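> The following comprises the amino acid sequence and a computationally predicted model.
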Amino acid sequence: MASSDAQQRSNVALVTVSPNEYIYDASHPRVKAIAAALLWYSPRFSPKNVPRFYDVSSITERPAVFQDVIDLFVERYRKAAPGAGPTHVLGFDARGFLLGPPIALALGLPFVLLRKAEKSPGVLLQSEPYHKEYAEQHGADTMVLRMGSVPPGARCILIDDLIATGGTAVSGFEVVMAAGASVYEFAAVIGIPILNGTEKIHTCFGGKFSHVPVVTLLHDRDILDSQCGDPLNFPAGQSRVVVSGASAAAAARP
Ligand code: AMP
């Protein structure tokens, strides 16, 4: 392997942000490449009214970047001591469903759905209602885990694309706890530290989860203003949703 390739593929150190909160070394070329691929959209072009809506499909649509996101998590979990590593990977509805399965498959672990409301079959464990960053317009959600999908004593990785206020994350901790299992780690690609999601995890339920690592690949500050995905010169007042009738769609095609 050429030395620049070796550098590209070398391990990435974790940097401590606060007790039991870690981020991958932002100066490493692998992390820089992931940060550089991520696009955000303004409220005009996003489904939620947040200043920057980060689009996980800017990762999934680039196979080399997507693969490295998965590899960075997998490489670390593989280093766990025998008998002490994760036993299950749980992904949050809906974008955790994109990241969790390839990680679970690489580790040979079950992938389990953390679904909103009552979308799963079977007997369900349901969280208390929780709020997320854009809660004002969206209202509260509840998270469910199918009873029996995670056995008592399981050590679960909880994964999502992004942690903002931590409301979504805590709903996952709650149902895992109700199943009699433990959280091995909460992991996300992007963290928005100003919204204090890690603090929410570490202080919820009387600090019961203060020992659980919260790991993000990068922070929102690593994604530049110039990485805005909004289309240029989009006609003011025109809906961003183009109905798929042939003529309208053809007219809107770039
Ligand atoms: P929170 O519960 O506030 O930590 O919000 C995290 C959840 O909401 C994750 O499932 C994200 O997919 C979604 N989310 C929150 N804020 C954003 C954002 N700025 N961009 C994209 N997704 C977000």
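That came through fine. For clarity, every value in this text was computed on a predicted model and none was experimentally measured. Numbering: from 1, shown residues only.
> okay, stretch 182-189 in PDB with CA atoms only?
Taking only C-alpha atoms (Å, rounded to 0.1, in the frame of the first residue of the first chain), the coordinates of stretch 182-189 have been written out as PDB:
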ATOM      1  CA  SER A 182     -27.600  -2.100  28.800                       C
ATOM      2  CA  VAL A 183     -26.300   0.500  26.400                       C
ATOM      3  CA  TYR A 184     -22.700  -0.200  25.300                       C
ATOM      4  CA  GLU A 185     -22.400   3.200  23.500                       C
ATOM      5  CA  PHE A 186     -24.400   5.800  21.800                       C
ATOM      6  CA  ALA A 187     -22.900   6.700  18.400                       C
ATOM      7  CA  ALA A 188     -23.800   9.300  15.700                       C
ATOM      8  CA  VAL A 189     -22.100  10.700  12.700                       C
END
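> now check it, is it near the ligand?
No - for a cut-off given as CB under 6 Å from any ligand atom, stretch 182-189 has no contacts with the ligand; the smallest distance is 7.8 Å. The way it works is simple: take the backbone N, C-alpha and C, and place the C-beta from them, glycine included.
> residues making contact with that stretch?
Judged by CB atoms under 8 Å, 6 or more residues apart in numbering, the contacts made with stretch 182-189 from elsewhere in the structure are 34, 38, 56, 59, 69, 73, 85-87, 99, 153-163, 169, 172-173, 176-177, 201, 209, 212-218.
> The ligand contacts on the stretch 151-254 of the chain?
Going by CB under 6 Å from any ligand atom, the residues of the stretch 151-254 of the chain near the ligand are D160, D161, L162, I163, A164, T165, G166, G167, T168, A169, G197.
> Any of the contacts of stretch 182-189 buried? List them.
When burial is judged by neighbour count using 16 or more other CB atoms under 10 Å, the buried members of the contacts of stretch 182-189 are 34, 38, 56, 59, 69, 73, 86-87, 99, 154-163, 169, 172-173, 176-177, 201, 209, 212-218.
> Pull up the residues of the stretch 1-150 of the chain that are close to the ligand.
V50, R52, F53, Y54, F92, R95, K132, E133.
> any idea which element the first one lies in?
Counting by DSSP states H and E, there is no helix or strand that carries V50.
> what are the ranges of the helices in the protein?
Using DSSP state H, the helices assigned to the chain run over residues 3-9, 29-37, 57-60, 63-78, 96-107, 135-138, 167-178, 197-207, 246-252.
> Would you confirm that G180 contacts P152?
Yes - distance between G180 and P152: 3.3 Å, which falls inside the contact criterion (CB atoms under 8 Å).
> And these two? Which one has more around it.
When G180 and P152 are compared on other CB atoms under 10 Å, the one with more neighbours turns out to be G180, at 11 against 8.
> what's near enough to touch the more buried one?
When the contact criterion is CB under 8 Å, 6+ apart, the partners of G180 are P151, P152, G153.
> out of the residues you listed, which are inside strands?
Cross-referencing these against strands under DSSP state E gives no overlap.
> Return the closest of those residues with respect to the ligand.
Each of those was checked against the ligand using CB to the nearest ligand atom; the closest is P151, at 25.2 Å.
> Which residue is the nearest non-sequential neighbour of that closest one?
The shortest distance from P151 to any residue that is not its chain neighbour, by CB to CB, 6 or more residues apart in numbering, is 6.9 Å, and that residue is A181.
> who touches the one you found in this structure?
When the contact criterion is CB under 8 Å, 6+ apart, the partners of A181 are H88, V150, P151, P152, G153, A154, R155, C156.
> Repeat the analysis, applying 10 Å as the threshold.
87-88, 90, 112, 145, 149-156, 175 (CB atoms under 10 Å, 6 or more residues apart in numbering).
> Need the pLDDT of E136.
Predicted confidence (pLDDT) at E136: the value is 56.
> can I get the CA coordinates of stretch 94-109 in PDB?
Taking only C-alpha atoms (Å, rounded to 0.1, in the frame of the first residue of the first chain), the coordinates of stretch 94-109 have been written out as PDB:
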ATOM      1  CA  ALA A  94     -35.400   6.500  10.400                       C
ATOM      2  CA  ARG A  95     -31.800   7.500   9.500                       C
ATOM      3  CA  GLY A  96     -30.300   5.200  12.100                       C
ATOM      4  CA  PHE A  97     -31.700   2.500   9.800                       C
ATOM      5  CA  LEU A  98     -29.200   3.400   7.200                       C
ATOM      6  CA  LEU A  99     -26.100   3.300   9.400                       C
ATOM      7  CA  GLY A 100     -26.900   0.400  11.800                       C
ATOM      8  CA  PRO A 101     -27.400  -2.500   9.400                       C
ATOM      9  CA  PRO A 102     -23.900  -2.400   7.700                       C
ATOM     10  CA  ILE A 103     -22.300  -2.000  11.100                       C
ATOM     11  CA  ALA A 104     -24.200  -4.900  12.500                       C
ATOM     12  CA  LEU A 105     -23.500  -7.100   9.400                       C
ATOM     13  CA  ALA A 106     -19.700  -6.300   9.600                       C
ATOM     14  CA  LEU A 107     -19.700  -7.300  13.300                       C
ATOM     15  CA  GLY A 108     -22.000 -10.300  12.800                       C
ATOM     16  CA  LEU A 109     -24.500  -8.900  15.300                       C
END
